[in-house]
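# kindly generate the corresponding structure for this input.
(one chain, ligands or ions: 2)
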Amino acid sequence: MGEPQKTFYLETFGCQMNVHDSEKVVGTLMAQGYRQVSTVEEAGLILYNTCSIRDKAEQKVFHRLADYKKLQAQGKKFGVLGCVAQQEGEKIFERAPHVSLVCGSASYRNLPQMLVQIEAQIGAGNCRVTGLDDRETDECFETEFTARTNPHRGYITIIEGCDKFCAYCVVPFTRGKERSRTSDSVLAEACQMADQGYSEVQLLGQNVNSYKDPAGKKSFAELLAAVGEVPGIKRVRFTTSHPRDFGRDIVAAIDSVPTLCDHVHLPVQSGSTRVLDAMQRLYTRDQYLERIAWMKAAKREISITTDIIVGFPGETEADFEQTLSLLDEVEYDGIFGFKYSPRPNTPSLKFEDAIPDEEKARRLSVLQEKQREIQRRRNERHLGQIAEVMVEGRNDARGQWIGRTSQNKVLNFKAPEGLTPVLGSYVPVVTTGCFPNSLLGQMVI
Ligand code: SAM
Ligand code: SF4
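Ligands and ions are numbered 1, 2, ... in the order given. Take a look at the predicted model:
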């Protein structure tokens with residue numbers, strides 16, 4: 001009888017970067033002979049890929065570790081990966097002594113050796129393995145073993161880390177300094193994905209448009225265009241863009257390459273220049289609005305979404321009103337609103353004039369209510385329009401197919417009798433109804 005197969009369970013928290021890092025971690029583990037299982041109970045190794053962007057996200061992993069602590073008695077090993085691992089480091093062993101592995105994202109390339117160390121100590125009491133690079137690493141986590149979970153659309157990381165140091169943000173501490181991959185290696189991955197049947201790629205980075213080709217061959221806009229021209233690729237998305245580095249050439253690329261999706265996520269954080277300055281965002285309200293004007297002047301209508309933080313220390317009612325007036329001025333197609341969450345190591349932790357939680361909650365709900373109304377109104381313009389959607393799934397209860405437009409809107413639709421749309425295919429759909437967060441339609445033949 002052979003050795004029992006090594007098994008692992010991996011749960012991911014947080015952003016798309018984490019989701020994609022997990023795909024690479026899964027691929028790396030599978031290449032080491034591990035099999036992924038879908039429950040903690042079946043697994044020998046239990047991994048959490050964590051997020052520490054806000055306090056709530058960080059607490060989730062400690063709740064999970066507490067919930068499953070008793071399984072250690074069955075010889076299971078626990079590992080904490082990602083931002084909480086990098087931020088808390090070896091303190092995690094004190095708080096959760098049953099953890100064997102603590103590994104930040106800048107050390108994932110060393111995972112195979114770390115796994116060997118853990119395996120060598122199985123049955124020999126609890127072992128402790130750490131991968132905690134300082135933020136100075138120059139390396140990106142490139143692997144040929146990415147286990148992508150969706151067969152039609154996939155992520156490509158083009159830049160890791162962040163050097164911007166916004167006053168509220170942990171990312172520069174948890175993900176290290178900014179480092180880009182060469183455009184040749186990004187294009188090779190895009191071509192490989194196209195060969196494997198992927199038709200949509202999403203270029204990823206904390207600030208994707210701060211990309212700097214180490215080989216000096218392509219700007220971000222040129223890379224975007226080149227990926228869009230890879231035969232077989234029908235849609236290219238990119239996220240997240242930082243307003244300071246958002247150039248007109250990105251809009252020009254969207255204008256000239258039809259495969260580049262007409263959607264830009266451009267986080268503003270606040271509509272008040274005073275607050276933007278305190279946040280160290282490196283742009284003013286007017287400079288941000290200048291970028292919005294470039295997009296609004298594009299040949300294709302570009303859908304614009306954003307992130308907003310309410311209740312940053314010292315944010316007055318007048319500052320908040322400016323954020324509300326920005327919503328009216330830009331008319332976003334979607335926003336992610338967050339209550340300011342004080343984070344370890346960040347400069348704003350020491351700022352005075354903290355806003356009480358109830359006031360942050362009030363501002364967030366005012367913001368979201370206003371945006372809901374804007375979206376309800378804006379979505380009406382799609383009524384009667386025909387859009388190409390990628391078929392993403394089926395909602396049996398409603399008898400509808402789930403589609404996504406190039407503008408990144410969910411368009412649920414009915415297909416004609418006897419016609420079954422293929423998942424991952426692109427079909428034309430006319431919009432017949434609209435809600436604040438989705439559209440309704442009928443497939444056109
Ligand atoms: N790099 C992107 C940018 O600068 O626009 C943002 C990446 S960050 C992972 C995602 C979002 O989390 C930010 O846009 C911000 O709105 C939010 N965020 C970050 N730190 C936060 C904090 N301490 N409290 C609340 N929200 C926060
Ligand atoms: Fe965080 Fe600012 Fe960097 Fe975005 S640009 S990841 S908000 S530090």
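
# ranges for the helices of the protein?
Using DSSP state H, the helices of the chain run over 16-31, 55-68, 83-88, 91-95, 111-120, 171-174, 183-195, 220-228, 248-256, 273-278, 285-296, 317-330, 357-379.

# so which bits of the shortest one are buried?
Looking back up the chat, that one is helix 171-174. Val171, Pro172, Phe173, Thr174 (16 or more other Cβ atoms under 10 Å). (Glycine included, C-beta is placed from N, CA and C.)

# ok, the fourth one next?
Burial within helix 91-95, assessed by neighbour count using 16+ other Cβ under 10 Å, is assigned to Ile92, Phe93.

# that helix packs against which elements?
Applying 3 or more Cβ pairs under 8 Å, 6 or more residues apart in numbering; DSSP states H and E, we find helix 91-95 packed against helix 83-88, strand 99-103.

# quick one, the shortest one and helix 55-68 angle?
Looking back up the chat, that one is strand 99-103. Strand 99-103 and helix 55-68 meet at an angle of 150 degrees, taking axes from the mean of the first three to the mean of the last three Cα atoms, to 10 degrees as the criterion.

# show me how far strand 99-103 is from its chain's centre.
24 Å (Cα atoms, centre = their mean, to the nearest Å).

# looking at the helices and strands packed on helix 91-95, which is nearest to ligand 2?
Ranking these by proximity to ligand 2 (Cβ to the nearest ligand atom) places helix 83-88 first, at 10.9 Å.

# now do the closest one: which elements does it pack against?
Against helix 83-88 (3+ Cβ pairs under 8 Å, 6+ apart) you get strand 45-50, helix 55-68, helix 91-95, strand 99-103, helix 171-174.

# quick one: the second one to helix 16-31, angle?
Read that as helix 55-68. 30 degrees.

# for helix 55-68, packing partners?
By 3+ Cβ pairs under 8 Å, 6+ apart, helix 55-68 packs against strand 45-50, strand 77-82, helix 83-88.

# pull the residues that contact it.
11, 13-14, 40, 46, 48, 50-52, 76, 78, 80, 84, 87, 95-96, 98-99, 341-343 (Cβ atoms under 8 Å, 6 or more residues apart in numbering).

# quick check: buried residues in it?
Neighbour-count burial for helix 55-68 [16+ other Cβ under 10 Å]: Ala57, Glu58, Lys60, Val61, Phe62, Arg64, Leu65, Tyr68.

# contacting residues for the closest residue to ligand 1 within the stretch 151-300 of the chain?
Nearest to ligand 1, among the residues of the stretch 151-300 of the chain, is Pro267, at 3.3 Å (Cβ to the nearest ligand atom). Contact analysis of Pro267 by Cβ under 8 Å, 6+ apart lists Thr240, Ser241, His242, Pro243, Thr306, Asp307, Ile308.

# close to ligand 2: what parts of the stretch 151-300 of the chain are there?
Taking Cβ under 6 Å from any ligand atom as the contact definition, the stretch 151-300 of the chain meets ligand 2 at Cys162, Lys164, Phe165, Cys166, Cys169, Val171, Pro172, Gln206, Asn207, His242.

# need the residues of the chain near ligand 1, please.
Contact residues, the chain versus ligand 1 (Cβ under 6 Å from any ligand atom): 15, 53-54, 168-169, 171, 206-207, 240, 242, 267, 269, 307, 309, 338, 340-341, 343.

# quick one on the thing from earlier: which of the helices of the chain is buried the deepest?
The highest mean neighbour count among these, using mean count of other Cβ atoms under 10 Å, belongs to helix 83-88: a mean of 26.

# is any residue of that helix near ligand 2?
No: judged by Cβ under 6 Å from any ligand atom, helix 83-88 and ligand 2 are separated, with a smallest distance of 10.9 Å.

# which of the helices and strands in the chain ranks last by mean pLDDT?
Every helix and strand of the chain was ranked by mean pLDDT, DSSP states H and E. The lowest is helix 111-120, at a mean of 87.

# relative orientation of it and strand 77-82 in degrees?
160 degrees.

# could I have helix 111-120 exported to PDB, CA atoms only?
Extracted C-alpha coordinates of helix 111-120, given in PDB (Å, rounded to 0.1, in the frame of the first residue of the first chain):
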ATOM      1  CA  LEU A 111       6.400  27.400   0.100                       C
ATOM      2  CA  PRO A 112       7.700  24.100  -1.300                       C
ATOM      3  CA  GLN A 113      10.600  24.100   1.200                       C
ATOM      4  CA  MET A 114       8.400  25.200   4.000                       C
ATOM      5  CA  LEU A 115       6.000  22.300   3.300                       C
ATOM      6  CA  VAL A 116       8.900  19.900   3.400                       C
ATOM      7  CA  GLN A 117       9.900  21.300   6.900                       C
ATOM      8  CA  ILE A 118       6.300  20.900   8.100                       C
ATOM      9  CA  GLU A 119       6.100  17.300   6.800                       C
ATOM     10  CA  ALA A 120       9.400  16.400   8.400                       C
END
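
# quick one: that helix to strand 45-50, angle?
Counting by the same axes, to 10 degrees, helix 111-120 lies at 140 degrees to strand 45-50.

# I'd like to know which elements helix 111-120 is packed against.
Using 3+ Cβ pairs under 8 Å, 6+ apart, helix 111-120 is in contact with helix 16-31, strand 99-103, strand 129-131.

# what packs against the longest one?
Packed against helix 16-31, as judged by 3+ Cβ pairs under 8 Å, 6+ apart, are the following elements: strand 6-12, strand 34-36, strand 45-50, strand 77-82, helix 111-120, strand 153-157, strand 200-204.

# do you know which of those lies nearest Glu290?
Taking Cβ to Cβ, strand 200-204 is the member of those nearest to Glu290, at 23.7 Å.
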